[in-house]
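Novice: sequence and predicted model, in that order:
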Amino acid sequence: MMEGEMFIIRVPGSTANLGPGFDSIGLALNQYLTLEVEKASHWKVEMLSEELKVFPSDKTNYIIQVALETAKKYGCNLPPCLIKMKSEIPLTRGLGSSAAAIIAGIELADFLGHLNLSREEKLSQAASMEGHPDNVGASLYGGLIIGKQDGEKVDVVSFQPITFDVVAVIPHEELETKDSRNVLPKQLPFSEAVKAGAISNVLVAALLTGDYKLAGKMMKEDLYHQPYRTLLVPHLQEVEELSLKEGAFGVALSGAGPTVVCFAEKGKGQSLKNKLQLLMPQMDVRNLAIDQAGSKVMISERCQKYHSN
Ligand SMILES: Nc1ncnc2c1ncn2[C@@H]1O[C@H](COP(=O)(O)OP(=O)(O)OP(=O)(O)O)[C@@H](O)[C@H]1O
Ligand SMILES: N[C@@H](CCO)C(=O)O
């Protein structure tokens, strides 16, 4: 990459768990974190979205830290850059903002450092930073992902295209993932763990065979996390009742919350969104689609030529 040339990294946000797929299932959504990157004399981040202005604009920015750590792991030094960053993903709301930031940092290291990492290598690095593969896997692959992590080893299966609408009901209050994980039990009795695993298995089978009614039933029956987190997310039950009545086939807490995601058959999302927004004016209700592509690095022709040399 030459002085003055620029490349763009675009990473979708995501929703995790879909009810019983705790720490394992992720779905990419069409809200994006976007970085415009060009070489500079020192590291600097310019925030183009108001919400991002809470983050450091120097080398201590999380995305730069992820990039530097990734490059170091592969024995590479990165040249400093100016990053212009904007985001449509609300922060700390359960819509995968931290996972998108991690994927952006890894894509930055991969491109700038000519690392040529495979998607599996990127996922392994991202999941070990985030602690679970659900949101990072969706941000990287797009579509629906189902993953299992053991330290740095991740097994993942991804499915595209997945076609239903997603309506996100986003409260104005933040809920940090670590606080939402603190209310979960350290252990489950064996019989309950077996039941919870079976519910998750049926969810996956129902989603992949298009049996959305059954998928919605499984979302509600989750035993892993939603029963414990309703204490922190009192609106979950109300959103669930209203949206099932208004045509959603399923409702789940989005990741660690506090956002609630409602799933509707293709084409039904807009009217569900309009109805929910009227019923809950205090919430930010968004009609979203599933991102099928995952993270992308887009480069100019000259830059591409340099990069392939
Ligand atoms: N664009 C960004 N730049 C730097 N740091 C970010 C960015 N986006 C998110 N983060 C970091 O991620 C934190 C939010 O992570 P958290 O896991 O609590 O919420 P989330 O990722 O939005 O939700 P969930 O993990 O449930 O989907 C922020 O407080 C910040 O530290
Ligand atoms: N699976 C994670 C997603 C949030 O990072 C959780 O529910 O805590």
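Specialist: Sure thing, it's come through. Ligands and ions are numbered 1, 2, ... in the order given.

Novice: going by C-alpha atoms from here, please, whenever you check contacts or count neighbours.
Specialist: OK.

Novice: what about the protein, any weak spots by pLDDT?
Specialist: Scanning the chain for pLDDT under 70 picks out 1-4, 300-309.

Novice: tell me the domain boundaries of it?
Specialist: Following automatic domain parsing, one finds the domains of the chain at 6-160+292-308, 164-288.

Novice: quick check, the longest one touching ligand 1?
Specialist: Yes. Looking at domain 6-160+292-308 against ligand 1 by CA under 6 Å from any ligand atom, the contacts come from 55, 61-63, 91-99, 101.

Novice: centre of the chain to that domain, how far?
Specialist: Distance of domain 6-160+292-308 from the chain centroid (CA atoms, centre = their mean, to the nearest Å) equals 10 Å.

Novice: pick the most buried one from the domains of the chain.
Specialist: Compared across the domains of the chain, domain 6-160+292-308 shows the largest average neighbour count, a mean of 21 (mean count of other CA atoms under 10 Å).

Novice: export the domains of the chain to a markdown table and tack on distance to ligand 2?
Specialist: Shown next, in a markdown table, are the domains of the chain (distance: least, CA to the nearest ligand atom, whole Å):
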| stretch | distance to ligand 2 |
| --- | --- |
| domain 6-160+292-308 | 4 |
| domain 164-288 | 4 |
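
Novice: residue contacts, I83?
Specialist: 35-38, 43-46 (CA atoms under 8 Å, 6 or more residues apart in numbering).

Novice: please identify the helix or strand for it.
Specialist: Using DSSP states H and E, I83 sits in strand 81-87.

Novice: export that strand as PDB, just CAs?
Specialist: Provided in PDB are the C-alpha atoms of strand 81-87 (Å, rounded to 0.1, in the frame of the first residue of the first chain):
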ATOM      1  CA  CYS A  81      -2.300   4.400   9.800                       C
ATOM      2  CA  LEU A  82      -5.100   6.900  10.000                       C
ATOM      3  CA  ILE A  83      -8.400   5.200  10.500                       C
ATOM      4  CA  LYS A  84     -11.700   6.900   9.900                       C
ATOM      5  CA  MET A  85     -14.300   4.900  11.700                       C
ATOM      6  CA  LYS A  86     -18.100   4.900  11.600                       C
ATOM      7  CA  SER A  87     -20.600   2.500  13.000                       C
END
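
Novice: just the helices in the chain please.
Specialist: Here the chain has its helices, by DSSP state H, at 62-73, 97-112, 119-130, 134-141, 177-182, 190-208, 212-221, 226-229, 236-245, 269-279, 301-308.

Novice: dump those helices to a markdown table, plus distance to E5.
Specialist: Below are these laid out as a markdown table (distance: least, CA to CA, whole Å):
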| stretch | distance to E5 |
| --- | --- |
| helix 62-73 | 19 |
| helix 97-112 | 12 |
| helix 119-130 | 25 |
| helix 134-141 | 25 |
| helix 177-182 | 37 |
| helix 190-208 | 43 |
| helix 212-221 | 47 |
| helix 226-229 | 47 |
| helix 236-245 | 47 |
| helix 269-279 | 40 |
| helix 301-308 | 7 |
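
Novice: so what sits opposite the nearest residue to V251 once chain neighbours are set aside in the bridge?
Specialist: Computed as CA to CA, 6 or more residues apart in numbering, the closest residue to V251 that is not its neighbour in sequence is C262, at 4.4 Å. Note on C262: beta-bridge partners by DSSP bridges are V167, V251.
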